[in-house]
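In: sequence and computational prediction follow.
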Amino acid sequence: MNARQSCLAHLIRRARGLAERKEPDLARCGSWVRDELRRLCKMAKDPPTKAEWRAFYDRFNRLIALYIGRQ
């Protein structure tokens with residue numbers, strides 16, 4: 001198991017690469033992840049309301065549930 005932590009910029013680059021995949025389902029996942037990570041970066045500069053944070057958290061959990069285990 002790899003226990004290293006990645007910075008958001010590296011994760012966004014990996015998501016961008018996934019968004020460029022030929023498989024439509026994986027490309028959609030990559031685009032969604034990229035957009036959510038960018039939103040998270042914005043939240044660091046402009047703190048969200050509790051409702052905005054809850055919405056982000058719910059979307060990200062849904063994303064993980066839909067795509068877990070796919071490569």
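Out: It's in.

In: give me phi/psi at A19?
Out: phi -60, psi -20 (degrees, to the nearest 10).

In: tally of neighbours for it?
Out: When neighbours are defined as other Cβ atoms under 10 Å, A19 has 17 of them. Using the backbone N, CA and C atoms, a C-beta is placed for each residue, glycine as well.

In: OK, contacts around it?
Out: A27, G30, S31, V33, R34 (Cβ atoms under 8 Å, 6 or more residues apart in numbering).

In: check which helix or strand the nearest residue to the second one once chain neighbours are set aside maps to.
Out: The spatial neighbour of G30 that comes closest, neighbours along the chain excluded (Cβ to Cβ, 6 or more residues apart in numbering), is L18 at 2.9 Å. Assigning secondary structure by DSSP states H and E places L18 in helix 8-19.

In: and the pLDDT for the residue nearest to G30?
Out: Listed pLDDT for L18 reads 91.

In: OK, contacts around it?
Out: L26, A27, C29, G30, V33, R34.
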